[in-house]
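# need coordinates for the following:
(chains A and B)
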Protein chains: 2
Amino acid sequence: MNNPTAAMLVIGDEILSGRTRDANMHYLAGELTKHGIDLKEVRVISDDATAIIASTRALASHYDHVFTSGGIGPTHDDITADCIAAAFDTPISIRDDARALLQAHYDRANVELNDARLRMARIPDGASLIDNPISTAPGFTLCNVHVMAGVPAIFQAMVASLLPQLTGGAPLLSQTVRAMIGEGVIAEPLGQLAAAFPNLSFGSYPFQQDGVFGTNIVIRGVDASHLDAAAKDLSTLVKDLTT
Amino acid sequence: MNNPTAAMLVIGDEILSGRTRDANMHYLAGELTKHGIDLKEVRVISDDATAIIASTRALASHYDHVFTSGGIGPTHDDITADCIAAAFDTPISIRDDARALLQAHYDRANVELNDARLRMARIPDGASLIDNPISTAPGFTLCNVHVMAGVPAIFQAMVASLLPQLTGGAPLLSQTVRAMIGEGVIAEPLGQLAAAFPNLSFGSYPFQQDGVFGTNIVIRGVDASHLDAAAKDLSTLVKDLTT
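Predicted coordinates for the structure are as follows:
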């Protein structure tokens, strides 16, 4: 059986302008791989309603899960929740369960739950909440879209709340063989090795170190014994090519 | 006149599996902003021909420029050049100009230009080459798609070769005001300020420092005097809210 598939939608002008370097994609990619969910595509788009709605619809119809980050805070440019609701033609309003969470949180801090903060209780009808142990304002899951915050610490906490509830498949295993030879030397025998193990994928990643070219070859698959056999053959191959 | 628009296509299983953290998106975003080209969307996809062709067609028809990174090396999983050619129904073969570059490069190093390395001379008909001062194997521009390497040092060198040839618009300017108050405090007056400067964009980026919530507010636009006026008003606003 194939693993569930996923896409990620990163929402934020600050990433596209180069002001902020996104950290959530790399984090989510690693967590999904461990959980046996195959991340197939990531899109980064701006805080623009048309773009958010169109991308959500496109990704939600193609993949089993969509994970979003960004745009669920209290300010005027936080429009993600409303756009996700619109993508599914679902009504959205301040929901009692989310309001109660925020009320208790701000009461404890002796801070007023003003209109801006109340925006964070806007949750589409029928969505389930995603726990936010850091700053309380919840994410939510609507259909197959999981809506989370953009601040990395909060995003990571929400992923930790959410992932155990999702059915994963077989975790993708990998083995890396490091070769101090350029890709051009190993490309042809590597192609033959890849053909001999059709249920594994072989990626080749060149690097430069102290002016010398090297290649990391990563073998990926879900079958540990095939992976071991391929890594052994590959190590022999690299040894033959470097001696 | 509006700035030219752009999208980026990052091609690589290693990003989606979490093995590698992409560095090229952040670099390109910053360079395009300086050059006056508006990056509107980034897609990260796997080394899969169907995905590369479909994404290339979708992005090339929506944006003025598409920049790709990854998948133009000598190994069996380097399929980007062929997929870009297929996306435009253009023939591709080993081209004499690219072969001559590689031949001279490998002759200098006393290394054989084998079949795998020759793959890097596969260039679609009619494409212009993008100079690679680091490892010679060129990128190329076909129609409005600029195809570059994934290794960050080479990607950056190719961007430096390419960008001066592209017509840019007015660089996007920005000013940041740092406020040691949460977003919930400033959200409402910030929304009013944003409404008063419709040709500027106001982004609000919460952070935590030593357990205290703060907010960086970034004002962006192409008109320096409007930007100065808005930043002055915003600083006054922040001062009023924190004293």
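
# per-domain residue ranges of chain A.
A:5-165, A:173-242 (automatic domain parsing).

# just name the most buried of the ones you listed.
Compared across these, domain A:5-165 shows the largest average neighbour count, a mean of 20 (mean count of other Cβ atoms under 10 Å in any protein chain shown). (C-beta placed from N, C-alpha, C; glycine too.)

# gap between the two ends of that domain?
15 Å (Cα to Cα, to the nearest Å).

# before we move on, what about stretch A:149-168?
First-to-last distance for stretch A:149-168 - Cα to Cα - comes to 22 Å.

# stretch A:41-59 too?
9 Å.

# what does that stretch contact?
For stretch A:41-59, contacts defined as Cβ atoms under 8 Å, 6 or more residues apart in numbering or on different chains pick out A:7-13, A:15-16, A:22, A:25, A:62-63, A:66, A:68, A:70-71, A:77-80, A:82-84, A:86-87, A:145, B:15-16, B:25, B:40-46, B:51, B:203.

# tell me, what residue is most central in chain A?
A:Leu28 (3.4 Å; Cα atoms, centre = their mean).

# measure it to chain B for me?
8 Å (Cβ to the nearest Cβ, to the nearest Å).

# ok, that residue - contacts?
A:Met8, A:Leu39, A:Phe67, A:Ser69, A:Phe155, A:Val159, B:Gly18.

# which residues of chain A score low on pLDDT?
A:1 (pLDDT under 70).

# how about the helices in it?
Applying DSSP state H to chain A gives helices spanning A:13-16, A:24-35, A:49-62, A:80-87, A:96-108, A:115-118, A:152-162, A:183-196, A:224-242.

# and the fifth one, what does it pack against?
Translated: helix A:96-108. Helices and strands touching helix A:96-108, by 3 or more Cβ pairs under 8 Å, 6 or more residues apart in numbering or on different chains; DSSP states H and E, are helix A:115-118, strand A:122-124, strand A:128-130.

# would you list these in CSV and tack on distance to A:His35?
Formatted as CSV, the helices and strands packed on helix A:96-108 follow (distance: least, Cβ to Cβ, whole Å):
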stretch, distance to A:His35
helix A:115-118, 33
strand A:122-124, 25
strand A:128-130, 16
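
# B:Asn199: which of the ones you listed is closest?
helix A:115-118 (23.7 Å; Cβ to Cβ).

# helices or strands up against the closest one?
Counting by 3+ Cβ pairs under 8 Å, 6+ apart, helix A:115-118 packs on helix A:96-108, helix B:183-196.

# distance to A:Phe140 added to the ones you listed, as JSON lines?
Listed next are these as JSON lines, based on distance: least, Cβ to Cβ, whole Å:
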{"stretch": "helix A:96-108", "distance to A:Phe140": "8"}
{"stretch": "helix B:183-196", "distance to A:Phe140": "19"}
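
# which one of these lies closest to A:Pro189?
With Cβ to Cβ as the criterion, A:Pro189 lies closest to helix B:183-196 of these, at 55.7 Å.

# how about the closest one, does it get close to chain A?
Yes - using Cβ under 8 Å from any Cβ of the partner chain, helix B:183-196 reaches chain A at B:Glu183, B:Gly184, B:Ile186, B:Ala187, B:Glu188, B:Leu190, B:Gly191, B:Ala194.

# what's opposite A:Ile130 in the beta bridge?
On the basis of DSSP bridges, A:Ile130 is bridged to A:Gly139.

# just put the domains of chain A in CSV and tack on distance to B:Asp223.
Listed next are those as CSV, based on distance: least, Cβ to Cβ, whole Å:
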stretch, distance to B:Asp223
domain A:5-165, 16
domain A:173-242, 43
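
# so which of those domains is nearest B:Gln209?
domain A:5-165 (11.7 Å).

# off-centre distance for the closest one?
The chain centre lies 12 Å from the centre of domain A:5-165; the measure is Cα atoms, centre = their mean, to the nearest Å.

# so what's A:Ala153 closest to, chain neighbours aside?
Nearest residue to A:Ala153 in three dimensions, chain neighbours excluded: A:Ile134, at 5.9 Å (Cβ to Cβ, 6 or more residues apart in numbering or on different chains).

# tell me the phi and psi of the one you found?
Backbone torsions of A:Ile134, given as degrees, to the nearest 10, read phi -90, psi -50.

# doesn't A:Phe155 make contact with it?
No - A:Ile134 is beyond contact range of A:Phe155, at 9.7 Å (criterion: Cβ atoms under 8 Å).

# list residues touching both of those two?
With Cβ under 8 Å, 6+ apart, A:Ile134 and A:Phe155 have no common neighbours.

# A:Val159: what's it in contact with?
A:Val159 neighbours (Cβ under 8 Å, 6+ apart): A:Tyr27, A:Leu28, A:Glu31, A:Phe67, A:Met148.

# same check on A:Arg21?
A:Ile15, B:His26.

# just A:Thr242 next, same as before
A:Ala179, A:Met180, A:Ile181.

# same deal with A:Val238?
A:Val177, A:Ala179, A:Ile181, A:Ile186, A:Ile217.

# which residue packs closest to the last one, ignoring adjacent ones?
In this structure, A:Ile217 finds its nearest non-sequential neighbour in A:Val177, 4.9 Å apart by Cβ to Cβ, 6+ apart.

# how much space between that neighbour and B:Ile79?
22 Å (Cβ to Cβ, to the nearest Å).

# quick one: closest of the helices and strands packed on helix A:96-108 to A:Gly139.
Closest among these, using Cβ to Cβ: strand A:128-130, at 3.5 Å.

# what sits up against that closest one?
Strand A:128-130 is touched from outside by A:97-98, A:101, A:123, A:138-141, A:146-148, A:158, A:161-162, with contacts defined as Cβ under 8 Å, 6+ apart.

# run the last query once more with 6 Å
With contact meaning Cβ atoms under 6 Å, 6 or more residues apart in numbering or on different chains, strand A:128-130 is reached by A:Pro138, A:Gly139, A:Phe140, A:Thr141, A:Met158, A:Ser161, A:Leu162.

# now the last one: how far from B:Leu190?
To tie it back to what came earlier, the one meant is A:Leu162. Taking Cβ to Cβ, one finds A:Leu162 at 30 Å from B:Leu190.

# what's the answer for the fifth one, then?
Distance from A:Met158 to B:Leu190, counting by Cβ to Cβ: 25 Å.

# residues from chain A in reach of chain B?
Applying Cβ under 6 Å from any Cβ of the partner chain, we find that chain A lies next to chain B at A:13-14, A:16-18, A:21, A:26, A:29-30, A:33, A:39, A:41-45, A:73-77, A:116-117, A:151, A:183-184, A:187-188, A:191, A:194, A:203-204, A:206.

# ok so, going back, save the contacts of A:Val238 as CSV, and put in distance to A:Asp228 too.
Listed next are the contacts of A:Val238 as CSV, based on distance: Cβ to Cβ, whole Å:
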residue, distance to A:Asp228
A:Val177, 12
A:Ala179, 18
A:Ile181, 23
A:Ile186, 20
A:Ile217, 15
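
# farthest pair in those residues?
A:Val177 and A:Ile181 (11.1 Å).

# rewinding a little: among the contacts of A:Val159, which two are most distant?
Taking Cβ to Cβ, no two of those sit farther apart than A:Glu31 and A:Met148, at 11.9 Å.
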